[in-house]
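J.: here is the input, now give the coordinates:
(chains A, B and C)
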Amino acid sequence: MADPVLSITGLQRRFGTTGPVQVLDDLSLELSAGERVAVMGSSGSGKTTLLHLAAGMDTPDTGEVRVGGHLLSTLAEPERTRFRARYIGLVFQDFNLIDSLSVRENIELPLWLNQALDERRRIAELADELGIAALLDRLPEKLSGGEKQRVAIARALVHRPALILADEPTGSLDQTTAEGVLALFDRITRQYGVTLLMVTHNDEAAALCDRVLHLRHGRLSED
Amino acid sequence: MRLDIVIVLILVLLTGTWLAWQTLPPQAPGPERLRVQNLMGGQSDGFRRVTEPVPLSFPEDHAQHPEYQNEWWYFTGNLETATGERLGYQYTLFRFALSPGEALNSAWETDAIWMAHLALSDGRNQRFFQSERFARGALGLAGADEQRWWLRDWEVRLGEPAWRLVAEAEAFALDLNLSPQRPLVLQGDAGYSRKGPDRANASLYYSITRLATTGKVRIGDEVLEVVDGLSWLDREWGSNQLAEGQAGWDWFAIQLEDGRDLMLARLRNDDGSDSEWSYGLLVEPDGSSRYLTDKDYTATTHRWWTDAKGDRWPLDWEIDLPAADLKLRTRAVFDEQHWQQSVDYWEGMIDVHDRASGESIGRGYLELSGYGEG
Amino acid sequence: MQLLLESSRRFFYRHPGQLLLALIGIAAGVAVVTGVALMRDVLIDALDSATESLSGSEMLRITAPSGPLDEDLFRTLATLPGAPALLPVLSSRVRYGNRMLELLAVDPLSLERSSPVRPTGSATGQLLTQANAAVVTERTLERLNVDPNGVLQVRHSGETLNLDIVASISGGRELDDRIIMDLAAAQHLTGRQGELSFIEAAAGSRAWLEEHLPDGLELVDAEQRRDSAAALTAGMRANLTAMSLLSLAVGLFVIYSVLAFLLVQRRRTIGMLRAVGVTQGHIQGLLALETMILAGLGALAGLVLGTLMATALLELVRQPVAELYRMVASAGIRPTVGLYAAVWIMAVIMALASVLGVLREAQRIPPGQLARTVHEGNSSGSRLWRWLPVLLLALGALLIVGTRGLAPVMAGLFVMLSGCALLAPATGMQLLRLISARGDGLVPRAIKMLMSSRQRLAPAVSALSLALALSAGVGMMVLGFRATVDDWVSRLISADVYLTVSQGQLGSADVETLRNWPELEMLTSSRQVRLDDGSMVVGYDLNPKAWAAFEWVSGSKEAARPAVESGAAVLLTEPMARRTGLKPGDRIDLATPSGPASFEVAAVYRDYSNDRGLVGLIGWRFRELWQDEQRDSIGLYLRPGTEIEAFETKILDAFPAGNLTTREQVREQTLAVFDRTFRISWALAILVGMIAAIALISALLALGLERGREYATLRALGLPRRGLAGVVLTQTTSLAAIAAIMAVPFSMLIHAVLSLAVQPRAFGWSVALTWPWQPLAVIVPLALILGALAGAYPAWKIASRDPAPLLRAS
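T.: Below is the predicted model of the structure:
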């Protein structure tokens, strides 16, 4: 059997120095290729921390994070950054598009960061898939919330990352838009065989995943 | 209030204060006072000293004596206007010689500092006017010769038959004719006036005790006619007159209605006591005179006056002179006859009464020095 | 309101750097204005303050129309009946190292008792009897670094005087750099026997003096003296004022940019406050109050800084004033409450005016607007707005070309610069966009990302480009002017060497002697007399070579020489002609010691030695009218082959007190004076540059804060730290580059206006327009380095920041 795409073992993360808060406590998780997992939990349960650790934007106090067999948690910061650019795609709750860059330029960013600008044709493909082809030369500030999130999804996928990390992707959208975006997200992740770790407290978002885990008291449980 | 706001307010206050301080005009130190001790005592190297009688001759000795360190021409007088109102005046020319220095190629070179004091006491409303001037003894700005004693445009001309004193200050002016009524009289031992244990603590000293005085006095814009008056001239020069331990003097110049003139110089020690070197002179109507010593008279303070600065001045006196059968009470015509320019002293007109009868028997001038320098 | 204030207080707690920059920005602008205002006052009070502090203020001064007074006048006046208090003064200038000091000789016994030097003071005796005794203030001792009771060695007319400091007096800043001596000693030392410079008399004695003063003497009151000092230094003060206003403008850009940024930062808060019912009026009130507090505090600090700065820079102004106008200005500034209050109020009002735009923007924030990002409004839509810069430039140009005065040209320059300020950001960004439109590298991307903040950055770009332009423009003007003066002086001095001696020792007889020397081919000589208004009359004895050295501005060169040599006509310098409005063919009346004389103006020639102007007269006529046989200098033209060393020895044998100055030395001395005159301009240019640097740093800090989320996103997407630092550095450097690029044409504009309009109107002379490139060669790279340096810290700070917290959904 192939290595798991994401393997987390014995993860501990505390915040604060005086009376530290144990956010993650001996947490373990494995995602195999193509698997889509949702992590649910109430606000402040540590979902985003988990995501940041998985993306290498944060380092655990103890425990290991492996992505595609690489031990992320022991890499130095520059390597983690480079690794993130190469292997991970990120979707944020409030999109985090760069306002001053056009839609096309936003989607292009990961290609640029991976020195893979010759794969630009993928932008058009993805834009077609996501129904944003007409928006490519616009600036993000002119887009609706749903459109913005589709751009963000395109940006997360364009460089064919091994792992997509999504933080509350529908959190800033209204019900109808959220449904549309979710359907699209479902289709596109299937189509591209994406391995997905999504944190959310939205049941509908969680429903598109293969597995739903709950984060309570710093640990994950199945029910 | 919050601490940070307090800090900001304090900073603002400090800054404001600093800025305000910058706008203050620079403070010049207060004027310096001359001290009688320094003027009359101390260093006199290179100057001639008075140690014995020197024959005096006139008019030559009316002129300045540059070989001596200091010298003055001192007029005081009680005047009466056409309407019977009382005025008093003082005009003094001082010469303070400078220690000889290098020869300077300049017309401004001088060997002395000249100072003139002009004062007027207005008995009508008890006002005292004073004006002080300095000049160098160069370019004809100040000097004294046989005919003229002057500092810039203030002058006394020794004419015949009368002398003329003309001096104009901003607030007041004098234009007086002075006619000597008596020959000049030599003080002390034929003009040698000793004031201390050292023979050199002495001056050469002569007086004209009565000069009939008329003329004009201007006070502000008002011109008053002087129809009657008596002036007194003291002329004195020497070097290092005051002895160590002498603080100043109380000087009386009294013209009695019976025709006698009385001068008393009560020298005071640092501790305020009477000096044994106090002296005096009694002039008879015929011009003959008698030298008085410390033993011949007593003078006791009857009333003290305290000035605005807090210095105390003995303005009223009781004087006993048994040999002349005089028991006098002198009283300042008014208190504020106080000099407050470069020198701090009191010089003003006084009334003289017989103690027994209480009647007015004369007028005079009182000079108090060495009280306002503490 | 309390609540609102509390919220701004919290904000500044979180961003102390922003607060500090706002305060520094306004403080720096106010400091320059205050400093310059204080220095200006010194220039006006220069003539008066010293004697005023000795003799009292508002005194009347008795002077002779030209030259010194006879001391007999004092003797006569002082002994006349009813004479007022009179103070005789003999003023001489002496050198102490590089400093010019005033030797102020008085009669201490004619001083008032309240004077700092008292007639009865303990030093008076020494002053009166010692030939070398002098009194100075304690501050002067400190400034000159001389021991109390030490010896002050000064030079007067080529001789060394060793002055004994017998006392130092306190107070009296006006007496700084003055040496007070007794008249007798001063006359003895300086050889000025019989002379007085002037006599001071109490203001109330005018009637008496008018009655008793001999004919031909003048009575000048304090007001007239201040007026003439003001007129004398008008050009210099105008120069300073313009610089100070421009630096205030730059300071205001700083406060605008900070406040505008604060608004962006608090958009959410304001939106929320509006949502819960706080009115627009309240919000605007809050922002206005905030501005007032910030500007008020900053201005207060600026007053302090300005006072310190004026004290520090005063020397740069005093020295040229001493050299050019022969006035030893007081060494201390004299701030007044009025001046402080005026500057403070002006600063606060201007700050409020500058943030009007911000207030309007605040008004547009709808209730409940929670978005953090700023949508740059389409404000370029207004046509007026788009044409405003062009309009301003045109109006400014009109003001400059269409008027004759100095004030309108300053106003015109100011208006034009406002136009430039508006033009700079948009044009600069356009340029940058053109450069970076293509390409996939980090630089174009970084620049593209910068574009969305262009409105936010506009004030900083404006401030920076204006400041750079100002520094470079002033630098170009000074260098261009210097080249003109160099050219002029090199052409003018035609003799091989010039002979000068201590005052009053070269006369017609000496000229006759020299004429017979075999070594000499020709001679020229001249004698200058200063008139009351600061202008000069020069008696020239010229040879054909010297005549040829004149550069004519107007008038017929051929006709001028015979007319002048006949004694019927005179030459005017360009400043004289401009000031009086006289042209060749007009007549000019001169008050001479022999009575009024009228001349025809033959021609106008170029001259940069005196901005009040010179009247050139043929020597024999001058000597006749002024009864003055002396010569200030004799120009010697050596026969070819003359041994210069041997000749020098011979000259010094014949003139033991003589000095020989070669042509090259004259040129060097002239340029040295020139350089000292413009040191203050350089200093102010540097100050303005520093304020601009503050503007830049504040803009960059704001940029860092504003773009924090974007930068974090890039990091999350995998941009390495170094890459991000590169982005930030690229952005800051390109910001500086925009400013620098725009500064190039602006500086040329400033240079042209200063050279072609301000110089002629302020000083009366015209300056040839040349284009010295050096200032630009310094300023442009300097701006880029500054941009990179100013960006380095935020770049490092931003790049090392952990992206995770910034990305958490807010």
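J.: show me where the stretch 201-350 of chain C has helices.
T.: C:206-212, C:222-232, C:234-265, C:267-275, C:280-325, C:337-354 (DSSP state H, counting those that start in this stretch).
J.: poorly predicted segments of the chain, please.
T.: You didn't pick a chain, so chain A it is. A:1-2, A:17-19, A:223 (pLDDT under 70).
J.: chain B, not that one
T.: Looking at chain B by pLDDT under 70, you get B:1, B:25-44, B:373-374.
J.: give me the neighbour count for the one residue in it that gets nearest to chain A.
T.: Residue nearest to chain A within chain B (C-beta to the nearest C-beta): B:L3, separated by 23.6 Å. Just so you know, the C-beta spots here come from the backbone N, C-alpha and C atoms, and that holds for glycine as well. When neighbours are defined as other C-beta atoms under 10 Å in any protein chain shown, B:L3 has 7 of them.
J.: same check on B:D61?
T.: 18.
J.: return the backbone torsion pair for it.
T.: Torsion angles at B:D61 (phi, psi; degrees, to the nearest 10) stand at phi -80, psi 0.
J.: what residues does the stretch 651-800 of chain C have near chain A?
T.: C:709-710, C:712-723 (C-beta under 8 Å from any C-beta of the partner chain).
J.: give me that answer again for 10 Å
T.: C:707, C:709-724, C:800 (C-beta under 10 Å from any C-beta of the partner chain).
J.: put the buried members of those into a ChimeraX selection.
T.: In ChimeraX, a selection of the buried entries from those looks like this (16 or more other C-beta atoms under 10 Å in any protein chain shown):
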select /C:707,709,710,711,712,713,714,715,716,717,718,719,720,721,723,724
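J.: in helices only, show me the residues of the stretch 651-800 of chain C next to chain A.
T.: Counting by DSSP state H, these place C:709-716, C:721-724 in helices.
J.: which pLDDT value goes with C:A231?
T.: Listed pLDDT for C:A231 reads 67.
J.: now the nearest residue to C:S734 once chain neighbours are set aside: how far from B:G248?
T.: Nearest residue to C:S734 in three dimensions, chain neighbours excluded: C:I447, at 5.4 Å (C-beta to C-beta, 6 or more residues apart in numbering or on different chains). C:I447 sits 92 Å away from B:G248, going by C-beta to C-beta, to the nearest Å.
J.: ramachandran angles for residue 123?
T.: I went with chain A, as the question did not name one. phi -60, psi -50.
J.: wait, chain B
T.: According to degrees, to the nearest 10, B:G123 has phi -70, psi -20.
J.: so what's it closest to, chain neighbours aside?
T.: Using C-beta to C-beta, 6+ apart, the nearest residue to B:G123 is B:R86, at 3.5 Å.
J.: for C:M309, which non-adjacent residue is closest in space?
T.: C:G35 (3.9 Å).
J.: C:G439 against C:T730, yeah?
T.: No: taking contacts as C-beta atoms under 10 Å, C:G439 lies outside contact range of C:T730: 11.9 Å.
J.: anything in the host helix or strand of B:R235 near chain C?
T.: According to DSSP states H and E, B:R235 maps onto strand B:222-238. No: counting by C-beta under 10 Å from any C-beta, chain C has no neighbours in strand B:222-238; the shortest distance is 14.2 Å.
J.: which strand or helix spans the residue lying closest to B:V54 once chain neighbours are set aside?
T.: The shortest distance from B:V54 to any non-neighbouring residue, by C-beta to C-beta, 6+ apart, is to B:L204 (6.1 Å). Element membership for B:L204, per DSSP H and E: strand B:202-219.
J.: give the partner strands of that strand in its sheet and their orientations.
T.: As defined by DSSP bridges, the strand partners of strand B:202-219 come to strand B:172-180 (antiparallel), strand B:185-186 (antiparallel), strand B:192-194 (antiparallel), strand B:222-238 (antiparallel).
J.: would CSV of the ones you listed with mean neighbour count and distance to B:L11 be doable?
T.: Shown next, in CSV, are the strands paired with strand B:202-219 (neighbours: other C-beta atoms under 10 Å in any protein chain shown; distance: least, C-beta to C-beta, whole Å):
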stretch, mean neighbour count, distance to B:L11
strand B:172-180, 21, 55
strand B:185-186, 19, 76
strand B:192-194, 22, 69
strand B:222-238, 20, 59
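J.: distance to C:M243 added to those, as a markdown table?
T.: Output for these, formatted as a markdown table (distance: least, C-beta to C-beta, whole Å):
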| stretch | distance to C:M243 |
| --- | --- |
| strand B:172-180 | 56 |
| strand B:185-186 | 79 |
| strand B:192-194 | 74 |
| strand B:222-238 | 60 |
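J.: residues in contact with the residue in chain A that chain C sits nearest to?
T.: Here chain A gets closest to chain C at one residue, A:A85, 2.3 Å apart by C-beta to the nearest C-beta. By C-beta atoms under 10 Å, 6 or more residues apart in numbering or on different chains, the contact set of A:A85 is A:109-110, A:112-115, A:159, A:161, C:715-720, C:723.
J.: secondary structure class of C:R579, three-state.
T.: Assigned state for C:R579: helix (three-state reduction, DSSP: H, G, I helix; E, B strand; the rest coil).
J.: can you check the one 4 residues further on too?
T.: Under three-state DSSP, C:K583 falls in the coil class.
J.: measure it to chain A for me?
T.: Distance of C:K583 to chain A, computed by C-beta to the nearest C-beta, to the nearest Å: 62 Å.
J.: show me what contacts the most centrally placed residue in chain A?
T.: In chain A, the centroid-proximal residue (C-alpha atoms, centre = their mean) is A:L165; its distance is 1.6 Å. A:L165 is in contact with A:6, A:50-52, A:54-55, A:57, A:67, A:84, A:88-92, A:156, A:195-199, C:716, counting by C-beta under 10 Å, 6+ apart.
J.: mind checking which of the residues you listed are in helices?
T.: A:50-52, A:54, A:84, A:156, C:716.
J.: next, the buried residues of the helix or strand C:E648 falls within.
T.: Assigned by DSSP H and E, C:E648 falls within helix C:644-654. For helix C:644-654, a neighbour-count test (16+ other C-beta under 10 Å) marks C:647, C:651 as buried.
J.: report the distance from that helix to the chain centre.
T.: 42 Å (C-alpha atoms, centre = their mean, to the nearest Å).
J.: who's in contact with it?
T.: In contact with helix C:644-654 (C-beta under 10 Å, 6+ apart) are residues C:496-497, C:499, C:510, C:513-514, C:517, C:519-520, C:636, C:638-639, C:643, C:658-660, C:662.
J.: and if we set it to 7 Å?
T.: With C-beta atoms under 7 Å, 6 or more residues apart in numbering or on different chains as the test, helix C:644-654 has contacts from C:499, C:519, C:638, C:658, C:660.
J.: could I get the average pLDDT for it?
T.: On average, helix C:644-654 scores 83.
J.: right, and the helix or strand after that helix?
T.: Following helix C:644-654 in sequence, per DSSP H and E, is strand C:658-662.
J.: next, count neighbours for B:R331.
T.: Neighbour tally, B:R331, other C-beta under 10 Å: 16.
J.: same check on C:A407?
T.: Neighbours around C:A407, by other C-beta under 10 Å: 12.
J.: that one and B:D4, how far apart?
T.: Distance from C:A407 to B:D4, by C-beta to C-beta: 45 Å.
J.: break down chain B into its helices, ranges please.
T.: B:3-23, B:36-40.
J.: and those helices: which comes nearest chain C?
T.: Of the helices of chain B, nearest to chain C by C-beta to the nearest C-beta is helix B:3-23, at 4.7 Å.
J.: does chain C have contacts with the closest one?
T.: Yes: using C-beta under 7 Å from any C-beta of the partner chain, we find that helix B:3-23 touches chain C at B:12, B:15, B:18-19, B:22-23.
J.: residues of that helix that come out buried?
T.: B:19, B:22.
J.: quick one, it and helix C:280-325 angle?
T.: Going by axes from the mean of the first three to the mean of the last three C-alpha atoms, to 10 degrees, helix B:3-23 is angled at 30 degrees with respect to helix C:280-325.
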